[in-house]
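> Predicted structure and sequence below. I'll ask about it afterward.
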Amino acid sequence: MLFDLDGTLLDTVDAIAAALNQALTERSLAPLAVTEVRMMIGRGGPVLIERALGRLGARLDQGGQAALLERYFLHYEHIESGAAHSARIYPGVGECLRQLQCLQLSIAVVTNKQQHLAGGLLERLGLSEYINVLIGGDSCERRKPDPQPLQVACKALDVDTAQALMVGDSVNDVLAARAAGMPVVCVPYGYNEGSDPRALPCDAFVETLAELPALLSRATL
């Protein structure tokens, strides 16, 4: 079982927006509304920075973008590791992971978020005990929608990609799963770069992840 993180297991948009706006403000750039940031999430921090600058009509050279990205990561880690962290677990996630663990299914999280940031969140929110493998956006040469992170996760779990299932909320998850040769189930409440997740060409939808174990027991995806 391979899970996306942001928009699938966790709602993290408030912290992402706060960190991004702090970094933008340091550059004397205008802040962005949370609703705008929600539509930009999906391909990792570097693309988030590119999209934010594009939305603002601002131009920075490569060095300036790298510095802005570094400040964003620092602010994000400070926010999510502090007492006022805002990440929340979506309904049904804990129940789902507990049931999958009882079924002795191996579980990986495959995210475009930096691995140490993702690992810190899973640990603080009490989900790390269910996760056998964590693949972050800096764990591989390429990020989703490339299939490489999913393939690396399967290798770490010692399973063939055809024996795995991807669960996500975005076109990146669907494209990566298709390219890796595995089925994909989507949730309708995630980010999906501003597009309606219900329009995703996946194999099945679950309204909450609590429905996933039952789907596995009755369906061949």
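Structure's in. What do you need?

> Let me see the residues that make contact with stretch 29-40.
If you take CB atoms under 8 Å, 6 or more residues apart in numbering as the criterion, stretch 29-40 is touched by 13-14, 16-17, 20-21, 24-25, 47-48, 51-53, 55-56, 58, 191, 193-194. Yep, even glycine has a C-beta here, placed from its N, CA and C like the rest.

> Out of those, name the ones that lie in helices.
13-14, 16-17, 20-21, 24-25, 47-48, 51-53, 55-56 (DSSP state H).

> Using PyMOL, define a selection of the buried residues within those residues.
Selection of buried members from those for PyMOL, criterion 16 or more other CB atoms under 10 Å:
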select buried, resi 13+14+16+17+20+21+24+47+48+51+52+53
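
> and which of the ones in helices among the contacts of stretch 29-40 is nearest to residue 177?
Nearest to residue 177 among these is residue 47, at 19.3 Å by CB to CB.

> which ones are touching the closest one?
Contacts of residue 47 by CB under 8 Å, 6+ apart are residue 40.

> Go again with 10 Å.
Shown in contact with residue 47 (CB atoms under 10 Å, 6 or more residues apart in numbering): 40, 41, 112, 137, 143, 193.

> How many neighbouring residues does the fourth one have?
In this case it means residue 137. 22 (other CB atoms under 10 Å).

> Over to the first one?
Here the count is done by other CB under 10 Å, and residue 40 has 23 residues near it.

> got the end-to-end distance for stretch 123-131?
Stretch 123-131 has an end-to-end distance of 10 Å (CA to CA, to the nearest Å).

> So for that stretch, what gets flagged as buried?
The neighbour-count check on stretch 123-131 (16+ other CB under 10 Å) flags 125, 127, 130, 131 as buried.

> And the protein, split by domain according to the record?
As given by automatic domain parsing, the domain ranges for the chain are 2-11+89-218, 13-81.

> Determine which stretch of those is the most buried.
domain 2-11+89-218 (a mean of 19; mean count of other CB atoms under 10 Å).

> Work out the gap between stretch 103-123 and the centre of the chain.
What separates the centre of stretch 103-123 from the centre of its chain is 9 Å, taken as CA atoms, centre = their mean, to the nearest Å.

> got the end-to-end distance for that stretch?
End-to-end distance of stretch 103-123 (CA to CA): 22 Å.
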